[in-house]
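[1] 3D model of this:
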Amino acid sequence: MRTQDFTKTRKLTFSALIAASYFAVMFATQGFAFGPYQIRLATAIYAMAYPFPFLVLPLALANSFSNMLGGFGMLDIVGGLGVGIVTAGLVALVKWCKLPMFLVILPIIFGPGLIVPLWLSPLTGLPYWALVVNICIGQTIPAILGYILIRALAIRKVADQ
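    Numbering: from 1, shown residues only. Okay, the predicted model is just below:
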């Protein structure tokens, strides 16, 4: 089914399911999602903004709420909203600009990788660039998984036609 065929009710329901999935994955993986190497498997779901750009805000909200699981409080929750909007928005922009699908990997790595250290560095006392390297390394696996996810959806879509 094409995105244009989604009714408002269907978009709302689908958005809620995706946001709940994001939170559930974060909850299940919080043991290593908030560590020195933040391997947040849930951020692979940002790739869903490529085929479904209406998911930008729900994904940002899901990231924001999931940051309640970490220990940095309100700054992390508000920052997570911003990171989610930027990252999912850039993923949607890849599709809007008709760029190759594999480029969704870049915003999923560098969105959180470059933005999250802006507040983590002062809070932890660690250098900004050290955190950038750590977070970008941790985001590589979710970014590749996100690409595989939307690639599988694209193949399935072709198979249904």
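
[2] apart from its neighbours in sequence, what residue is nearest residue 151?
    residue 101 (6.6 Å; C-beta to C-beta, 6 or more residues apart in numbering). Every C-beta, even on glycine, is put in place using the N, C-alpha and C of the backbone.

[3] give me phi/psi at that neighbour?
    Main-chain torsions, residue 101, degrees, to the nearest 10: phi -60, psi -40.

[4] and stretch 33-47, how far out from the chain's middle?
    Distance of stretch 33-47 from its chain centroid, counting by C-alpha atoms, centre = their mean, to the nearest Å, is 8 Å.

[5] contacts only, for the residue nearest to residue 151.
    The contact partners of residue 101, taken as C-beta atoms under 8 Å, 6 or more residues apart in numbering, are 50, 94-95, 147, 150-151, 154.

[6] mind listing what's buried in stretch 88-102?
    Of the residues in stretch 88-102, 88-95 count as buried by neighbour count, 16 or more other C-beta atoms under 10 Å.

[7] re earlier: could you flag which of the contacts of residue 101 are buried?
    50, 94-95, 147, 150.

[8] relative to residue 77, which of those is nearest.
    residue 50 (25.5 Å; C-beta to C-beta).

[9] wait, isn't the closest one in contact with residue 96?
    No. Look at residue 50 against residue 96 with C-beta atoms under 8 Å: they stay out of range, at 9.6 Å.
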